[in-house]
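In: the sequence isn't on hand, but the structure is:
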């Protein structure tokens, strides 16, 4: 627990923490725990109640509670949940996978408001009542038990930590621009920092008395959380769960108030310093075992394979085969890697050069000469290690300068020397430094000397992308749009976030390779040819006809890359559930599909391909792109037609071709 648990930069600083005695739960008499099937009469409080937060309450800023149902949720199973409308939805409307805008994450500071905390859901949020929820703890223990929430909170004294969480797929969208990956298109803001209150797991396990031979602890959510009646499950080493220094919590509060549905109400697992995929929400079952979990997400999802292994190879070589445990559990993800990113200035933000008079006034006020531009970002690392420093470079990694760590350093260290919080950093740069630089990039380094690689390390699950974060800088002249008659610098981040987000320099470069057209993969083309579904053989389908097919009875059709698919037969087999596909019926689902599926899924979709949209352009073959790239290389560096730079030329010749046509020749 933190040395300064009473009042670091967190809610408890503004409202005395009191170690959650305000819950007013009276310890049960007699043996610890119970069967969990009674009326909980040994506990005086049944359902915890909290006062409604108002904007004048000191805690309001740490929650910013949503006050209405988002219209995008009204036709989904989550239609009962109030959500912050500022969240950027990354994979369509359902299930919710979302992160906050970068400017809000930066502005809110060290503690992230709950309603702006990123959300990673695999299915519909389960409706759970505090009084009815039970947590079963069994397996290799002498005293297995099933506990109600009140019994769980009476088991030992609650404790609190401040810790960040980061989705295991943070910055996955950047990797997708390198090559298709499986998983949702998470951006750079799927990271947050919160104050968590809960029951320390090591004390619970001590009471239950773990038996010899136990090595792993499994954690799962409720059955039915996922389509097909499945539960999300993961596991941790028993040694970690028993170690007080690792601060594993069964958390029931976030920022000093009870959890919200999207973040695991009524209880969730918090394992600070570990990947987001280990932080089980809606915790229902804890199982102590001699081997790791066999759950689908343990074997197929929470792993970072080497770049040389794709899904086909993984299957062929037995990496999903439980009869080969040395392969089935290889490359699993536990501790977070070191990571950092630039938050502000945001994508497409323009910093204009100050007028000379403004600069002179600044100098007269005693400021250092020259206009200053503030660059802000975050950094984090796993395992309780310390981020020792963050550096930025303006010359493509040739030289570096230190940034200032403004939060996270110093006071936020546990008694056992662990660093669970994120770090916020900033650096002031002179405008003339930026105006002459091609880019700004950042990298963090931790106390184990881990740092960020210069280039993306592609892996098929798109996990743990932690390459140096690069923002391209574009110089604007006084005559450019948006320049307000002054020169300026435009910031271009690698990708933009959310469905339909096609901005960013990585996406621009990818689209430029195909000149903005859809590029099919060779594998997808081969699958279409094998099925006799080449573009020219597909029947034309009107948009009106597609829009008429939005139900099981009529058929569930959607459009992707100008092709029409009938997914009706796949609804019940879809791993994410039928509701996801149905929510896209009758629409162009290209962004939704491509933002989450890998090459294999695209090949599978050929089975459901029924036509091509009327008026759609045929996709480009990879050979066409290679030919175009070869041609571009042959003509050398772009001089006049460089879309990233405005170049001045002199008029060398003007020729009158006709009464309304002129031919101009220019030269440098």
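Out: Arrived safely, thanks for sending. Values in this document were obtained by computation on a predicted structure and should not be read as measured data.
In: check contacts around the spatially closest residue to residue 445 that is not a sequence neighbour.
Out: Nearest-residue entry for residue 445: residue 451, 4.4 Å, with adjacent residues in sequence omitted and distances by Cβ to Cβ, 6 or more residues apart in numbering. Glycine gets a C-beta too; all of them are placed from N, C-alpha and C. For residue 451, the contact set (Cβ atoms under 8 Å, 6 or more residues apart in numbering) comprises 338, 443-445.
In: got the phi and psi for residue 451?
Out: Main-chain torsions, residue 451, degrees, to the nearest 10: phi -140, psi -180.
In: where's residue 472, which helix or strand?
Out: Taking DSSP states H and E as the definition, residue 472 sits inside strand 469-476.
In: what sits up against that strand?
Out: Taking Cβ under 8 Å, 6+ apart as the criterion, the residues outside strand 469-476 that touch it are 171, 188, 340-342, 350, 377, 434-435, 437-443, 452, 482-483, 487-494, 505, 644-645.
In: so how far is that strand off the chain centroid?
Out: 23 Å (Cα atoms, centre = their mean, to the nearest Å).
In: check stretch 283-293 too.
Out: Offset of stretch 283-293 from its chain centre (Cα atoms, centre = their mean): 26 Å.
In: and stretch 420-429, by the same measure?
Out: Distance of stretch 420-429 from the chain centroid (Cα atoms, centre = their mean) equals 19 Å.
In: partner strands of the strand holding residue 472, with direction?
Out: Strand 469-476 has the following sheet partners, assigned by DSSP bridges: strand 439-446 (antiparallel), strand 488-492 (antiparallel).
In: for the nearest residue to residue 120 once chain neighbours are set aside, give me its contacts.
Out: Leaving aside its chain neighbours, residue 120 sits nearest to residue 167 (5.2 Å; criterion: Cβ to Cβ, 6+ apart). Contacts here follow Cβ under 8 Å, 6+ apart; on that basis residue 167 touches 118, 120, 186, 190-191, 276-277.
In: gap between residue 167 and residue 261?
Out: Remark: distance between residue 167 and residue 261 (Cβ to Cβ, to the nearest Å) = 18 Å.
In: okay, now residue 651: neighbour count?
Out: Counted with other Cβ atoms under 10 Å, the neighbours of residue 651 add up to 9.
In: what of residue 307?
Out: Here the number of neighbours of residue 307 (other Cβ under 10 Å) works out to 12.
In: tell me where the stretch 151-300 of the chain has helices.
Out: Assigned by DSSP state H, counting those that start in this stretch, the helices in the stretch 151-300 of the chain fall at 172-176, 201-208, 238-242, 296-300.
In: nearest to residue 562, of those?
Out: helix 172-176 (19.9 Å; Cβ to Cβ).
In: now do the closest one, average pLDDT.
Out: For helix 172-176, mean pLDDT is 95.
In: then stretch 251-268?
Out: Stretch 251-268 shows a mean pLDDT of 97.
In: what does stretch 194-210 give?
Out: What stretch 194-210 shows for mean pLDDT is 97.
In: so what's the residue count around the nearest residue to residue 283 once chain neighbours are set aside?
Out: Leaving aside its sequence neighbours, residue 283 sits nearest to residue 267 (Cβ to Cβ, 6+ apart; 4.9 Å). Taking other Cβ under 10 Å as the criterion, the count of residues near residue 267 is 27.
In: in the stretch 251-400 of the chain, which spans are strands?
Out: Ranges of strands in the stretch 251-400 of the chain, per DSSP state E, counting those that start in this stretch, are 257-258, 268-270, 285-289, 339-344, 350-352, 372-380, 387-393.
In: residue 51: which of these is closest?
Out: Among the strands of the stretch 251-400 of the chain, strand 257-258 comes nearest to residue 51, with 9.7 Å by Cβ to Cβ.
In: partners of the closest one, with directions?
Out: If you go by DSSP bridges, strand 257-258 pairs up with strand 249-254 (antiparallel).
In: tell me the angle the strand it pairs with makes with strand 285-289.
Out: Computed with axes from the mean of the first three to the mean of the last three Cα atoms, to 10 degrees, the direction of strand 249-254 lies at 160 degrees from that of strand 285-289.
In: what does strand 249-254 rub up against?
Out: Strand 249-254 is contacted from outside by 20, 114, 117, 135, 149, 152-153, 158-159, 161, 194-201, 204, 258-260, 263-264, 266-270, 283, using Cβ under 8 Å, 6+ apart.
In: likewise for stretch 553-570?
Out: Residues from elsewhere that reach stretch 553-570, judged by Cβ under 8 Å, 6+ apart: 518, 520, 538, 541, 543, 545-546, 548-550, 552, 571, 574, 581-582, 584-590, 593-594, 605, 608-613, 616-619.
In: what number of residues lie near the nearest residue to residue 182 once chain neighbours are set aside?
Out: Spatial nearest neighbour of residue 182, excluding adjacent residues (Cβ to Cβ, 6+ apart): residue 598 at 3.9 Å. Around residue 598 there are 19 other residues, counting by other Cβ under 10 Å.
In: so residue 598 makes contact with residue 175?
Out: No. Under the criterion of Cβ atoms under 8 Å, residue 598 makes no contact with residue 175, lying 10.9 Å away.
In: give me the common contacts of these two.
Out: Counting by Cβ under 8 Å, 6+ apart, the shared contacts of residue 598 and residue 175 are residue 181.
In: between the contacts of residue 451, which has the most around it?
Out: residue 444 (28 neighbours).
In: quick check: closest non-adjacent residue to residue 171.
Out: Leaving aside its chain neighbours, residue 171 sits nearest to residue 465 (4.1 Å; criterion: Cβ to Cβ, 6+ apart).
In: what of residue 166?
Out: In space, residue 166 is closest to residue 191, 4.2 Å off (Cβ to Cβ, 6+ apart).
In: ok, now which ones touch the one you found?
Out: Neighbouring residues of residue 191 by Cβ under 8 Å, 6+ apart: 118, 164-167, 170, 378, 380, 422.
In: one more pass at 10 Å, please.
Out: By Cβ atoms under 10 Å, 6 or more residues apart in numbering, the residues touching residue 191 are 99-100, 105, 112, 117-118, 164-167, 170-171, 276, 336, 339, 341, 378-380, 422.
In: same check, this time on residue 112
Out: Contacts of residue 112 by Cβ under 10 Å, 6+ apart are 62, 64, 100, 104-105, 118, 164-165, 189, 191-195, 254-255, 422.
In: got a list of what the residue lying closest to residue 102 once chain neighbours are set aside touches?
Out: Nearest non-adjacent residue to residue 102, counting by Cβ to Cβ, 6+ apart: residue 343, 4.6 Å away. By Cβ under 10 Å, 6+ apart, the contact set of residue 343 is 101-107, 188-189, 375-378, 424-426, 469, 493.
In: mind doing that once more with 8 Å?
Out: 102-103, 105-106, 188-189, 376-378.
In: now neighbour count, distance to residue 82 and pLDDT too, for the residues you listed, in TSV please.
Out: Below are the contacts of residue 343 laid out as TSV (neighbours: other Cβ atoms under 10 Å; distance: Cβ to Cβ, whole Å; pLDDT from 0 to 100):
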residue	neighbour count	distance to residue 82	pLDDT
102	25	23	97
103	16	22	97
105	26	20	98
106	19	24	97
188	25	26	97
189	27	21	98
376	20	29	98
377	25	30	98
378	29	27	98
